[in-house]
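Asks: Here is the input, now give the coordinates:
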Amino acid sequence: MTAKEYLNRYHELDASINSLCDELAHWRAIATRITPPDKFNGRSVTPSDKVGQAVAKIIDLEDRINAEIDVLVDMRDDIRNTISAVDDARLRQILVSRYINFKKWEEIAEIMHTDLRWIYRLHGKALQKIKIDH
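Replies: Here you go, the predicted structure:
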């Protein structure tokens, strides 16, 4: 695994959690839209069955999200510790801005009052300084 792949894992897991949260919101919306049964239409699946199915899906998603958040927190701490081992403060700032705070390259250049091309070069140097023990 390259340093860049290692550092990008945090963003990928964060995006996965956000996707699960969107799915959770969808299931919550479904659960709140389920209407009471019409006594005369003879449906085979009652709304309480649909509510139960939606609630079960919601619980499963919440459990999965919580488990992934635990992994995300551990991963962030691990990546932050790896970045903190880089001896140059400018390089650390670029790595934290990009891989922990998810800043765009242009934002990083603006924050650091540095030309974008120079940020790219410093980023390359920073990646070379990353030591992956995993």
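Asks: residue ranges with poor pLDDT in this protein?
Replies: Scanning the chain for pLDDT under 70 picks out the ranges 34-48, 134.
Asks: Just the helices from it, written as ranges.
Replies: Secondary structure of the chain (DSSP state H): helices at 3-33, 47-84, 89-95, 105-111, 116-129.
Asks: CSV for those helices, including mean neighbour count?
Replies: From N, CA and C alone the C-beta is placed, and that goes for glycine too. CSV is the format used below for these (neighbours: other C-beta atoms under 10 Å):
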stretch, mean neighbour count
helix 3-33, 14
helix 47-84, 14
helix 89-95, 18
helix 105-111, 15
helix 116-129, 15
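Asks: residues touching the spatially closest residue to Ile30 that is not a sequence neighbour, list them.
Replies: Leaving aside its chain neighbours, Ile30 sits nearest to Ala54 (5.2 Å; criterion: C-beta to C-beta, 6 or more residues apart in numbering). Remark: with contacts taken as C-beta atoms under 8 Å, 6 or more residues apart in numbering, Ala54 is in contact with Trp27, Arg28, Ile30, Ala31, Ile34.
Asks: any idea how far Ala54 is from Leu91?
Replies: Separation of Ala54 from Leu91 (C-beta to C-beta, to the nearest Å) stands at 48 Å.
Asks: Same check on Tyr99?
Replies: In this structure, Tyr99 lies at 12 Å from Leu91, with C-beta to C-beta as the measure.
Asks: Repeat that for Tyr6.
Replies: The gap separating Tyr6 from Leu91 is 15 Å, by C-beta to C-beta.
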